[in-house]
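[1] Predicted model and sequence below, questions to follow.
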Amino acid sequence: MAENQVLKDRSLRYMAIVLGLVILVMGYLTLFVDDASSLFSDKKEVVVPVFEDNNSDVLVENSSMSDAAVRSSLVKFIEAFYNDQRKGYFDPPSYFSAITKTYFNYHNLTYKRLKEVHTMRMADLQNYEINWMVSSLDFDRFDNELIASYWAKVSYQQPSRNEVFTGDIKFELVINEEGKITSLRESEIKNPVISTLNPDLDSIDDYNVEQEQSSSVYEKVTEPSTETPEGANAEARYEGKLYDLGSVELAPEFQGGQAALGKYLASRLRYPITARQAKIQGKVYISFIVEKNGSLSDFKVVRGIGGGCDEEAIRVLRTSPSWRPGMAGGKTVRTSYVLPVNFVLGN
């Protein structure tokens, strides 16, 4: 090689090639790769949808659960519900659906109204005690709801009626797919003892109305009126002391005796269609006053079962002929009376 020969410098060419490759790679990554770091990672991307639109619900997903598992969950739920109430804690959103279909004898309640009804109800139930029997718990699935029933021993004092109640009550609890109560009511009562707050006890007679005894024509039942009756009874209802059955010498009685009363109720009572369709049955306890002139007044539902049965029992008693009034000190007196009417569905 001659000493004066000049060598060509190729470094600029190599640099241009490298820059061109870098630009091509960056362009590819920009256009076709959302996350460049994923090319250098072995972790697979997990896609979490922001909103999944399906109709699945808790009960459907748990439909494969065993009966024992469902029963265990119900026991915990009911026990927590009553434990909170024993502590004076009642927060409807914690247990109830936004619109509660039935809460005892009240229907279609919002959270606010439910709390008002509960407060009003408990204000008149002093020393309220409830002990539910876990062994009596039964449940069934219907569409997307759980329908549970159980027995409980209940006792309380009711100052507004000067009464003490103890007995066994069967509760029906309906829980929706969200795990919230949509219905809570008393479906049956057994072994009731209703007494006055003083030591004297009211005697109670029992009358049945069966589906077969009632006419197939249903008479429309109107809400019991709270207005004062017109006529002579309007004056009699405010005249003199009110006696209970334990304080009179001769108890008031239906004309013709207890057998006649039973026949009268059986011939007049109509099993409400709503109750029949919902298979509601049980005893309705109606309290009223037998006035000095034998007329009946001041009808109240001591313990109802709903479905129109409470109103039907009052409707028939309102049309009752005069009774023989109670006697005390040789004189007729105003006497309080409690009458159970048993609604029984036929086979």
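    Sure, I can see it.
[2] which outside residues touch stretch 108-118?
    Contacting residues not belonging to stretch 108-118 are listed as 90, 92-93, 96, 98-101, 103-104, 106 [CB atoms under 8 Å, 6 or more residues apart in numbering]. Just so you know, the C-beta spots here come from the backbone N, C-alpha and C atoms, and that holds for glycine as well.
[3] Please narrow these to those residing in strands.
    Judged by DSSP state E, the contacts of stretch 108-118 include 100-101, 103, 106 as members of strands.
[4] so which of these comes closest to residue 330?
    residue 106 (45.8 Å; CB to CB).
[5] what residue ranges in this protein score low on pLDDT?
    Within the chain, the ranges that satisfy pLDDT under 70 run 1-10, 29, 31-64, 197-240, 347.
[6] Tell me which residue is most central in it.
    residue 184 (1.3 Å; CA atoms, centre = their mean).
[7] Give me the three-state assignment for that one.
    What DSSP: H, G, I helix; E, B strand; the rest coil gives for residue 184 is strand.
[8] in the stretch 1-150 of the chain, which spans are helices?
    Counting by DSSP state H, counting those that start in this stretch, one finds helices in the stretch 1-150 of the chain at the ranges 11-32, 58-61, 67-86, 92-95, 111-123.
[9] Just among the ones in strands among the contacts of stretch 108-118, which is most surrounded?
    Counting neighbours by other CB atoms under 10 Å, residue 100 comes out on top of those with 24 neighbours.
[10] Quick check: closest non-adjacent residue to residue 336.
    Leaving aside its chain neighbours, residue 336 sits nearest to residue 244 (5.1 Å; criterion: CB to CB, 6 or more residues apart in numbering).
[11] repeat for residue 268
    Spatial nearest neighbour of residue 268, chain neighbours left out: residue 316 (4.5 Å); criterion: CB to CB, 6+ apart.
[12] Which strand or helix spans that neighbour?
    Taking DSSP states H and E as the criterion, residue 316 maps to helix 309-318.
[13] From residue 145, how far out is the residue lying closest to residue 144 once chain neighbours are set aside?
    Nearest non-adjacent residue to residue 144, counting by CB to CB, 6+ apart: residue 177, 4.3 Å away. According to CB to CB, to the nearest Å, residue 177 stands 7 Å off from residue 145.
[14] neighbour-wise, which of the two wins?
    When residue 177 and residue 145 are compared on other CB under 10 Å, the one with more neighbours turns out to be residue 177, at 19 against 15.
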